[in-house]
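Chemist: Here is my input, please return the structure:
(chains A and B)
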Number of protein chains: 2
Amino acid sequence: MKTYIQPSPDKWEEICRKRAVDESGLQEKVGSILSLVRNDGDKALLDMAVRFDRVKEGLLQQINPDCPLKVTEEEFAAAQGKVAPEVKAAIAKAKDNIESFHTRQKACDYSVETVPGVVCSYKRVPIRRVGLYIPGGTAPLFSTVLMLAVPAQIAGCPDVILCTPPRADGSVDEHILYTAKLCGITTVYKCGGAGAIAAMAYGTESITKRDKIFGPGNHFVMKAKQMVQGDGVAIDMPAGPSEVMVLADETAVPAFVAADLLSQAEHGVNSQAVLVCTSEGIAKAVQAEIDRQLRVLPRQELLLKSLEGSFMCVLKDRDDMLSFAETYAPEHLILSVDDPSELASRVYRAGSVFLGNYSPESAGDYASGTNHTLPTSSWARSFSGVGVESFCRHISFQGLSPEGLRGLSDTIRTMADAEGLAAHSAAVTVRLSSLEEACPE
Amino acid sequence: MKTYIQPSPDKWEEICRKRAVDESGLQEKVGSILSLVRNDGDKALLDMAVRFDRVKEGLLQQINPDCPLKVTEEEFAAAQGKVAPEVKAAIAKAKDNIESFHTRQKACDYSVETVPGVVCSYKRVPIRRVGLYIPGGTAPLFSTVLMLAVPAQIAGCPDVILCTPPRADGSVDEHILYTAKLCGITTVYKCGGAGAIAAMAYGTESITKRDKIFGPGNHFVMKAKQMVQGDGVAIDMPAGPSEVMVLADETAVPAFVAADLLSQAEHGVNSQAVLVCTSEGIAKAVQAEIDRQLRVLPRQELLLKSLEGSFMCVLKDRDDMLSFAETYAPEHLILSVDDPSELASRVYRAGSVFLGNYSPESAGDYASGTNHTLPTSSWARSFSGVGVESFCRHISFQGLSPEGLRGLSDTIRTMADAEGLAAHSAAVTVRLSSLEEACPE
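Modeler: Numbering: from 1, shown residues only, chains lettered A, B, ... in the order given. Below is the predicted model:
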């Protein structure tokens, strides 16, 4: 891995610059998929299942004649029997912890009488219609179902659907169905990619359009999510390739650090795994461990390619390491340092933070309880990871009594007049005049 | 105003469809402004001040030779003396109420031991660098300074700047400077429009780039805000023309309702003011009042044009009115009905709600305490108005002890293996092996 030795701070931004993904032609391709689904609805999705997911023509219609895109109750039931007991047990434990963490993200609603007769309130409500996208693949990431469905359930979203691509035999992976059902989701549609995003954004004959769309995906999916925002649909967050940054001092264990960097690299060729440490010795020890561990892992080519795009950086001390991390704004930040809590207390720009030598990123990815849907590509400067709040919105309320309005009238009218908004002022005057007519002083 | 009498629910979505603003050529124009500022920095902004704000060439450099774009301390001091005492008093009262409401938006941080030895925390932190945009004009909306600066201050954002276009004489409106200073903002730059958004998004020689940009503006500004998101900068919310919906039954006062619709229309030709009521009688009475009140208001042409694009809708009862409002998802929702609290408790899709006959929208616009920066264009389905949270983000933390990791290891590895992520699994194994070596059982 490329190693920077004590680069000066003025070079940090350039070092931290995230690799731009080649997007040439992507907007056009995705744009045409969005249009296709917008115009042809279910038919477009069924065509795409044949074209992209290699489902035999007519197969989905055979499985569910009433609603070919929809997973049937029978399919849900069959899934129950196909998931291994130990996997069910693991999912149950992970779900418990994720619930335990997320239920504490409470509403904190309140009411306050800002001045006599003026009562203002703030209330959190669930977003009504949300859509979760879960990518397909040979080993679908069903853990993401937990990470999205659990907070949606806690938020109380009344209408949650899930879209995921069908396999060539027209079925959906049993782990996804099992986990969805466990989380109370029984409306699952067999569609994937940008087409699924379009369906959830615009609606089709079968799929009611969503207020907000969540979930990871390939660059087609990510582009589609970005583009549908222009048409009034909200998304969880802008997304990019996954990333981890490990800060390591002499207390770090090179074998552990190497394992964490490799587990990040496993996410894909564009993933970035960054080591920041306080000596060249640590960097060298970790590199040696990476080389050693790599030899016994599958998909070495993918890992090597990902590491090619990653780097190590040796800096003076923990303060410099922290400043560098703040410049990078990593999705995952692992603090393999002495007194990690102290350093953690000064973090502002990271998605999720892992303290100490026994907190691998995989703990957070699956089961510690925190959410693994986190901001990448420096979005950790301004975005949070998914939480219950992501599935909610806040409404403000105000109720003024006649006396309350009287008390506030000078303030409102003076400001409205200064802003040249006569009708704003008049809306107060008409009420005061009416009160005076009713009760002339 | 166009009136729909008892339209069937299947027609509601079409009726509620927000007018599309003509955007032809806008993306290109704004795109070139963004590029210009990105490439030429301060120089581009100074050129734009001459071109668009009609500032005499060299004037800004005269006022502040060190940093021509920056408002000087002297200018701030001069502004203090130019704001009328009654306006200062009004601003102070409004600020008090806005603070009173927003300080209650507390952090609600927590820690939880999800399972023994696994401690997870959730912490709210301020976004570091935020930029507030305040449009110019003959009577700038300085109330928006309060609405953005107060929550930014409560959030604890350490670096808040404000951009606003200069007047032709090179100065900034005194109300903006006065209000900014009152809220602790002393870094104000003289630049406007899409150029200012670009400056805050990309940074220039004088202006450090922002993590998040807030504030209203014309369609150039709104388009610029939308476009810079593609370059990694967050914005407060997507924006469109302002809107109000009044729900009115027999207890409503037609003169008050008319005044509220007119005060909304005053915001601009694309603003929409909608009356939903339970009888044609109410609709007619409100129309009569609109006609009457219009005659004594300034800018009648603007008001008429705005009302042209607005409408009235007569529905059966309060439940239908609420369902219609939910379909429209209005920025402002005024409940001029009997028992407004009951109806308010069932609202999910509105920005800010006004209860009863003495709660005009102008109360919320200026001084009740709630925020007036609210989601338009049906974004109230998924977005909240600006609040303290808008200036913050959440970080999750997890710290596992060796025992905690041991306890979670089966869960993590089982799930990682089922998802085909061997390195994720290995990151746990390497630690457990090390523990066993240290303390063989």
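
Chemist: quick one: A:Leu59 and chain B, what's the gap?
Modeler: 25 Å (Cβ to the nearest Cβ, to the nearest Å). Where C-beta positions appear, they are placed from N, C-alpha and C, glycine not excepted.

Chemist: ugh, wrong one, I meant A:Thr414
Modeler: 4 Å.

Chemist: if I read this right, that residue contacts B:Val87, doesn't it?
Modeler: Yes: here A:Thr414 reaches B:Val87: they are 5.8 Å apart, a contact under Cβ atoms under 8 Å.

Chemist: how many other residues sit next to A:Asp236?
Modeler: When neighbours are defined as other Cβ atoms under 10 Å in any protein chain shown, A:Asp236 has 22 of them.

Chemist: who's in contact with it?
Modeler: A:Asp236 makes contact with A:212-215, A:373, A:386, A:390, according to Cβ atoms under 8 Å, 6 or more residues apart in numbering or on different chains.

Chemist: can you map out the strands along the stretch 151-300 of chain A?
Modeler: With DSSP state E, counting those that start in this stretch, the ranges of strands along the stretch 151-300 of chain A come out as A:159-164, A:188-190, A:212-214, A:234-235, A:243-248, A:272-277.

Chemist: Go through those and name the closest to B:Arg431.
Modeler: Minimum separation from B:Arg431 across the strands of the stretch 151-300 of chain A (Cβ to Cβ) falls at strand A:243-248, 14.0 Å.

Chemist: and the angle from the helix ranked longest in chain A to strand A:159-164?
Modeler: Ranked by number of residues, the top helix in chain A under DSSP state H is helix A:26-51. Angle of helix A:26-51 versus strand A:159-164, following axes from the mean of the first three to the mean of the last three Cα atoms, to 10 degrees, is 80 degrees.

Chemist: Helix A:26-51: how far from the chain's middle?
Modeler: Helix A:26-51 has its C-alpha centroid displaced from the chain centroid by 24 Å (Cα atoms, centre = their mean, to the nearest Å).

Chemist: So which other helices or strands are in contact with it?
Modeler: Packing contacts for helix A:26-51, counted by 3 or more Cβ pairs under 8 Å, 6 or more residues apart in numbering or on different chains; DSSP states H and E, involve helix A:59-63, helix A:193-202, helix A:219-228.

Chemist: Below-threshold pLDDT in the stretch 201-350 of chain A: ranges please.
Modeler: Along the stretch 201-350 of chain A, the model assigns pLDDT under 70 to no residue.

Chemist: quick one: buried residues of stretch A:301-316?
Modeler: Across stretch A:301-316, burial judged by 16 or more other Cβ atoms under 10 Å in any protein chain shown covers A:302-303, A:306-307, A:309-315.

Chemist: any idea which of those is the one closest to chain B?
Modeler: Closest approach between the buried residues of stretch A:301-316 and chain B, by Cβ to the nearest Cβ: A:Leu303, at 7.2 Å.

Chemist: wait, isn't the closest one in contact with A:Leu294?
Modeler: Yes: A:Leu303 lies in contact with A:Leu294 (Cβ under 8 Å); the separation is 6.0 Å.

Chemist: residues shared between the contacts of the two?
Modeler: Between them, A:Leu303 and A:Leu294 share the contacting residues A:Leu262, judged by Cβ under 8 Å, 6+ apart.

Chemist: OK, contacts around the closest residue to A:Lys82 other than its chain neighbours?
Modeler: Take A:Lys82 and drop its neighbours on the chain: the residue closest to it by Cβ to Cβ, 6 or more residues apart in numbering or on different chains is A:Glu174, 3.9 Å away. Taking Cβ under 8 Å, 6+ apart, we find A:Glu174 in contact with A:78-79, A:82-83.

Chemist: on that earlier part again, could the buried residues of stretch A:301-316 be laid out in CSV, adding secondary structure and distance to chain B?
Modeler: As requested, the buried residues of stretch A:301-316 are exported to CSV (DSSP: H, G, I helix; E, B strand; the rest coil; distance: Cβ to the nearest Cβ, whole Å):
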residue, secondary structure, distance to chain B
A:Leu302, helix, 10
A:Leu303, helix, 7
A:Ser306, helix, 10
A:Leu307, helix, 11
A:Gly309, coil, 16
A:Ser310, coil, 14
A:Phe311, strand, 18
A:Met312, strand, 18
A:Cys313, strand, 21
A:Val314, strand, 23
A:Leu315, coil, 20
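
Chemist: Just name the most buried of the helices and strands packed on helix A:26-51.
Modeler: The highest mean neighbour count among the helices and strands packed on helix A:26-51, using mean count of other Cβ atoms under 10 Å in any protein chain shown, belongs to helix A:193-202: a mean of 29.

Chemist: Is that one positioned near chain B?
Modeler: No: Helix A:193-202 is not in contact with chain B by Cβ under 8 Å from any Cβ of the partner chain; minimum separation 11.7 Å.

Chemist: Need the CA coordinates for that helix. CSV is fine.
Modeler: The C-alpha coordinates for helix A:193-202 follow below in CSV (Å, rounded to 0.1, in the frame of the first residue of the first chain):
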residue,chain,number,x,y,z
GLY,A,193,-31.3,-1.9,-9.9
ALA,A,194,-32.3,1.6,-11.1
GLY,A,195,-35.6,0.1,-12.2
ALA,A,196,-36.6,-0.6,-8.6
ILE,A,197,-35.6,2.9,-7.6
ALA,A,198,-37.7,4.3,-10.4
ALA,A,199,-40.7,2.1,-9.3
MET,A,200,-40.4,3.3,-5.7
ALA,A,201,-40.0,6.9,-6.8
TYR,A,202,-42.8,7.2,-9.4
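
Chemist: Not counting it itself, show me its contacts.
Modeler: Identification of contacts with helix A:193-202 by Cβ under 8 Å, 6+ apart yields A:30, A:33-34, A:36-38, A:41, A:44-45, A:48, A:52, A:131, A:133, A:161, A:163-165, A:189, A:191, A:207, A:209-210, A:213, A:217-218, A:220-221, A:223-225, A:228, A:231, A:233.

Chemist: Kindly list the main-chain dihedrals of the residue nearest the centre of chain A?
Modeler: For chain A, the residue nearest the mean C-alpha position is A:Thr373 (3.9 Å; Cα atoms, centre = their mean). With angles defined as degrees, to the nearest 10, A:Thr373 sits at phi -90, psi 100.

Chemist: thought it was touching A:Gly387?
Modeler: No: counting by Cβ under 8 Å, A:Gly387 is not a contact partner of A:Thr373; they are 9.1 Å apart.

Chemist: A:Val125 sits in which helix or strand?
Modeler: A:Val125 is located in strand A:118-126, with elements delineated by DSSP states H and E.

Chemist: Filter the contacts of helix A:193-202 down to the buried ones.
Modeler: Buried members of these, counted by 16+ other Cβ under 10 Å: A:30, A:33-34, A:36-38, A:41, A:44-45, A:48, A:52, A:131, A:133, A:161, A:163-165, A:189, A:191, A:207, A:209-210, A:213, A:217, A:220-221, A:223-225, A:228, A:233.

Chemist: what's near enough to touch the residue of the stretch 51-200 of chain A found nearest chain B?
Modeler: Taking Cβ to the nearest Cβ as the measure, the point where the stretch 51-200 of chain A comes nearest chain B is A:Ala139, at 3.3 Å. If you count contacts by Cβ under 8 Å, 6+ apart, A:Ala139 has them with B:418-421.
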